[in-house]
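Novice: What follows is a protein structure lacking sequence information:
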């Protein structure tokens, strides 16, 4: 009986419900499912969702518990884990909460996101959060109350609002903050925009805009800036 329900829920999530009216009635009767496995295949990616339990909240909206998501896009892949998630079949979005962790690799480096809330848009491969999140990229750490993680072709970037940056290179710690922080992970570039500050080697730069190169460990460009000794 369980296998039948699991297969039905998988079919229901992939195809429009109008194709399977009889099966839909059976699914509505199965309010709780255990060990759920969902497999989504797109022309350019594959997404797998595994959950310990699933509950039908309403038409095309499901609650998942003990969730693990694996996505493969070309040669890139990432994994997300959370204790609780809500899947909206119509919008193709997954709302995850409670101990959410995202992990992906970029060559020999790892991007790790830890948050109490994360929204994953399956159609666009975008992640976002409106709660405190910590993003680490090897020696780089960014803390923000609101961020978006975007992938487009070869570009992988994150946009942080009210972001705080900490970078450890050659046993030296540099820190910065700005109204908006943009990190291009594939290019090792950081942009700080609006009330930006960057503290490095005992000197504090205050500027409207700061462009920092992680690979070179130096500021490439700044606008309307002034430099003073760190306190």
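Specialist: Yep, that arrived. These figures come from a predicted structure and were not determined experimentally.
Novice: contacts, neighbours, all on C-alpha from now
Specialist: Noted.
Novice: Do a quick rundown of the helices in this protein.
Specialist: 2-14, 21-29 (DSSP state H).
Novice: how far does stretch 44-51 sit from the chain's center?
Specialist: 15 Å (Cα atoms, centre = their mean, to the nearest Å).
Novice: what does that stretch rub up against?
Specialist: 34-41, 64-74 (Cα atoms under 8 Å, 6 or more residues apart in numbering).
Novice: quick one: the residue nearest the centre of the chain from residue 214, how far?
Specialist: Centrality entry for the chain: nearest residue to the mean C-alpha point is residue 127, 3.7 Å, by Cα atoms, centre = their mean. Here the criterion is Cα to Cα, to the nearest Å. By it, residue 127 lies 23 Å from residue 214.
Novice: Can you give the domain ranges for this structure?
Specialist: 1-103, 132-231 (automatic domain parsing).
Novice: Can you lay out those domains as a markdown table showing distance to residue 120, mean pLDDT and mean neighbour count?
Specialist: Output for the domains of the chain, formatted as a markdown table (distance: least, Cα to Cα, whole Å; pLDDT from 0 to 100; neighbours: other Cα atoms under 10 Å):
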| stretch | distance to residue 120 | mean pLDDT | mean neighbour count |
| --- | --- | --- | --- |
| domain 1-103 | 5 | 73 | 16 |
| domain 132-231 | 9 | 91 | 17 |
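Novice: possible to save those domains as TSV with distance to residue 112?
Specialist: Below are those laid out as TSV (distance: least, Cα to Cα, whole Å):
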stretch	distance to residue 112
domain 1-103	5
domain 132-231	5
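Novice: isn't residue 203 right up against residue 229?
Specialist: Yes. Counting by Cα atoms under 8 Å, residue 229 is a contact partner of residue 203 at 4.7 Å.
Novice: re the thing from before, isn't the residue nearest to the centre of the chain up against residue 118?
Specialist: Yes. With contact defined as Cα under 8 Å, residue 127 counts as touching residue 118 (6.7 Å).
Novice: List the residues that contact residue 137.
Specialist: Residue 137 touches 109, 110, 111, 112, 185, counting by Cα under 8 Å, 6+ apart.
Novice: does it have beta-bridge partners, and which?
Specialist: residue 111, residue 140 (DSSP bridges).
Novice: about what we covered before: show me the contacts of stretch 44-51 that map onto strands.
Specialist: Taking DSSP state E, the ones among these that sit in strands are 34-41, 64-73.
Novice: coming back round to it: between the domains of the chain, which gets nearest to residue 123?
Specialist: domain 1-103 (6.4 Å; Cα to Cα).
Novice: what about stretch 137-157, start to end distance?
Specialist: Termini of stretch 137-157 sit 11 Å apart (Cα to Cα).
Novice: Relative to residue 192, how far out is residue 149?
Specialist: 16 Å.
Novice: and what of residue 93?
Specialist: For residue 93 relative to residue 192 (Cα to Cα), the value is 29 Å.
Novice: got it, and residue 158?
Specialist: Taken as Cα to Cα, the span from residue 158 to residue 192 is 12 Å.
Novice: got any residues that touch both of the two?
Specialist: In contact with both residue 158 and residue 192: residue 182, using Cα under 8 Å, 6+ apart.
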